[in-house]
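**Student:** no FASTA, just this:
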């Protein structure tokens, strides 16, 4: 007998929407800063306390709102950005779904203070946990100030999954940096604990990149290209400048919006193929402009991903434009000038005769002795906080180092899985379609009984039938693992009385991607931050060789 179907209560709906939009303090910062830009702000100021968990405040000098709009903006699906279905294909603003402010208000102590330009007084709206507390007239500067205090105060499970203050601040800085790189005509600041961590005054794109990206951005080259209705503008690094991985190197924008897009990333790597080492990424800031009908920006709750109508056309255009620019910066091939022989002049149209080299002397009776080449020195890379040095890779999975005079063998593949599992946190990444897993009846009942515990780790499951469980979302850090494997291992952990993330880190197959030394160093740093045990062992070389 199935349970009766009913419409969810408003508070439950708000919590679900908040889970899609508000993952951590950086999510709130991103949404509020983008709202400020949509309001025509020329300056945006962000203030944080305790990594954003205690306070997130975003102030702007935009157009502000009258009392009616101030109340409407905290209602779900209330927006000034679209009116009809057709408007969805021509959206040029950052936000348009009308979910950011009500979602933030649902998980914090929320305050909105706003005043339109030209008005004498402003409006203050106060909410807590999504419930309206107070609306009144108040003194305010032109623009809008949004304050979110005590993030996730009513959701202890969500709040428990926030990382250290330094980690959350880093994510907030990254969110502002990504937006600021794409909008050099707007001033941005971010403060935390009295320190100004981002200071980006209005300026040229190249100056903004140098200010925010450091020394690597000194030699960025402008790129500009247009083909039919596609237009590309940005800055690209010469082949000798590159960084580890793409997170801090590839800043990609579509119609002014920062995106994580595989099509654009592959186009960049294609242009720099054979020009940067494997595992490294060039430093680029690229703005792609494409008509609204050529791209869908509504495929992700936070609009961080897009889908192109013709991805091959976009990739070919971007890769070609970058290849042309990078090729012009590459040093020309070295050519030795050939001169005609002394005393002769070549006739017009007849090439000069090539100089003849003297014949080689006959070989000597004694064999030629070539001194042996000394072995290349092993460059040891110190690992911060572990009193160890990395020496190299063995195959595609294991790293070798030196620690306390012993050989240190690290299972980098297993370490990657453990770190990914440690990062698993709510909310999960919703699957395009639920994956139904068939289980024994007892196991299905066990999954239903522990729904909340699984959800706290980003695994959203629900009972589909007496012997079937539907997996609807998975931890973002473990999105590459099979949903059925995530559920099975989680159930095994419940039966064994062990922590679910720990079981995922131990039992799930290791990631397919082969790490390099730079990736291993990053994994070791993340392991130290999250308290993950490094799968390794030490070997005494002398004992192993029987010396």
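**Tutor:** Okay, I see it. Computed from a prediction, not measured in an experiment: that's the story for all the values here.
**Student:** Burial check on the nearest residue to residue 315 once chain neighbours are set aside, number of neighbours?
**Tutor:** Nearest in space to residue 315, with sequence neighbours left out and distances taken as CB to CB, 6 or more residues apart in numbering, is residue 267 at 4.4 Å. In short, each C-beta sits where N, CA and C put it, glycine included. Residue 267: 26 surrounding residues under other CB atoms under 10 Å.
**Student:** In three-state terms, label residue 267 for me.
**Tutor:** Local secondary structure at residue 267 is given as helix here, using DSSP: H, G, I helix; E, B strand; the rest coil.
**Student:** Flag the shaky bits of the stretch 201-350 of the chain, pLDDT-wise.
**Tutor:** Low-confidence segments of the stretch 201-350 of the chain, defined by pLDDT under 70: 245-246, 298-303, 328-350.
**Student:** wait, is residue 208 part of a helix?
**Tutor:** Yes: according to three-state DSSP, residue 208 belongs to a helix.
**Student:** show me what contacts it?
**Tutor:** 180-181, 184, 200 (CB atoms under 8 Å, 6 or more residues apart in numbering).
**Student:** Tell me where the stretch 401-547 of the chain has helices.
**Tutor:** 412-422, 441-449, 451-456, 483-496, 500-507, 517-530, 541-544 (DSSP state H, counting those that start in this stretch).
**Student:** Which neighbouring elements make contact with the second one?
**Tutor:** Contacts of helix 441-449 with other secondary structure elements, assessed using 3 or more CB pairs under 8 Å, 6 or more residues apart in numbering; DSSP states H and E, are made with strand 460-465, strand 468-474, helix 483-496.
**Student:** and for that helix, what are the contacting residues?
**Tutor:** Residues from elsewhere that reach helix 441-449, judged by CB under 8 Å, 6+ apart: 439, 454, 461-463, 465-469, 487, 491, 494-495.
**Student:** Any of these buried? List them.
**Tutor:** When the contacts of helix 441-449 are checked for burial by 16 or more other CB atoms under 10 Å, the buried set is 439, 454, 461, 463, 469, 487, 491, 494.
**Student:** you'd agree the first one is up against residue 469?
**Tutor:** I take that to be residue 439. Yes: Residue 439 is within contact range of residue 469, at 6.0 Å (criterion: CB atoms under 8 Å).
**Student:** Hmm, residue 58 and residue 29 touching each other?
**Tutor:** Yes: counting by CB under 8 Å, residue 29 touches residue 58, with 6.9 Å between them.
**Student:** Quickly list what's touching both of those two.
**Tutor:** residue 46.
**Student:** Which single strand of the chain contains the most residues?
**Tutor:** Looking only at the chain and at elements set by DSSP state E, the strand with the highest residue count is strand 429-438.
**Student:** What residues sit buried inside that strand?
**Tutor:** Within strand 429-438, the residues that count as buried by 16+ other CB under 10 Å are 429, 434-435, 437.
**Student:** returning to what we had before: so which of the contacts of helix 441-449 comes closest to residue 508?
**Tutor:** Lowest distance from residue 508 to the contacts of helix 441-449 (CB to CB) belongs to residue 487, with 11.5 Å.
**Student:** you'd agree the closest one is up against residue 461?
**Tutor:** Yes: checked against CB under 8 Å, the pair residue 487 and residue 461 is within contact range at 6.3 Å.
**Student:** list the residues that contact both of the two?
**Tutor:** The contact sets of residue 487 and residue 461 overlap at 447, 454, 469, 471 (CB under 8 Å, 6+ apart).
**Student:** Before we move on, what's the pLDDT of the closest residue to the third one other than its chain neighbours?
**Tutor:** To tie it back to what came earlier, the one meant is residue 469. Setting aside the residues directly before and after it, residue 469 is nearest to residue 447 in space (CB to CB, 6+ apart), at 4.7 Å. With respect to pLDDT, residue 447 scores 89.
**Student:** shaky segments in this protein?
**Tutor:** Going by pLDDT under 70, which is the cut-off in play, the chain has low-confidence ranges at 1-20, 77-98, 245-246, 298-303, 328-386, 424-427, 512-515, 529-530, 544-547.
**Student:** mind giving me the domain ranges of it?
**Tutor:** The record assigns the chain these domain ranges, following automatic domain parsing: 10-200, 206-327, 378-547.
**Student:** And stretch 208-217, what's buried?
**Tutor:** For stretch 208-217, the buried set under the neighbour-count rule, 16+ other CB under 10 Å, comprises 208-213, 216-217.
**Student:** Could you work out the end-to-end span of stretch 117-127 for me?
**Tutor:** End-to-end distance for stretch 117-127, by CA to CA, to the nearest Å: 24 Å.
**Student:** for stretch 438-458, same thing?
**Tutor:** Across its full length, stretch 438-458 reaches 20 Å end to end, with CA to CA as the criterion.
**Student:** mind listing what's buried in it?
**Tutor:** Residues of stretch 438-458 classed as buried by neighbour count (16+ other CB under 10 Å): 439, 443-444, 446-447, 450, 454-458.
**Student:** circling back: most tightly surrounded among the helices of the stretch 401-547 of the chain?
**Tutor:** helix 412-422 (a mean of 24; mean count of other CB atoms under 10 Å).
**Student:** and it, what does it pack onto?
**Tutor:** strand 398-403, helix 500-507, helix 517-530.
**Student:** If I take it and helix 517-530, what angle do their directions form?
**Tutor:** Using axes from the mean of the first three to the mean of the last three CA atoms, to 10 degrees, the direction of helix 412-422 lies 40 degrees away from that of helix 517-530.
**Student:** Now do helix 412-422: distance to the chain's middle.
**Tutor:** Going by CA atoms, centre = their mean, to the nearest Å, the spacing between the C-alpha centre of helix 412-422 and its chain's C-alpha centre is 18 Å.
**Student:** can you list contacts of that helix?
**Tutor:** Helix 412-422 is contacted by residues 393, 397-399, 475, 477-478, 501-502, 504-506, 508-511, 513-515, 519-520, 523-524, 526-527, 530-535 when judged by CB under 8 Å, 6+ apart.
**Student:** Over to residue 51. Which of the three states is it?
**Tutor:** With three-state DSSP as the basis, the three-state label of residue 51 is helix.
**Student:** ok, it touching residue 167?
**Tutor:** Yes: applying CB under 8 Å, one finds residue 51 in contact with residue 167, separated by 7.3 Å.
**Student:** quick revisit: now for the longest strand of the chain, which elements pack on it?
**Tutor:** Checked by 3+ CB pairs under 8 Å, 6+ apart, strand 429-438 has strand 460-465, strand 468-474, helix 483-496 packed alongside it.
**Student:** go again using 6 Å as the cut-off
**Tutor:** In this structure, strand 429-438 packs against strand 468-474, helix 483-496, with contacts taken as 3 or more CB pairs under 6 Å, 6 or more residues apart in numbering; DSSP states H and E.
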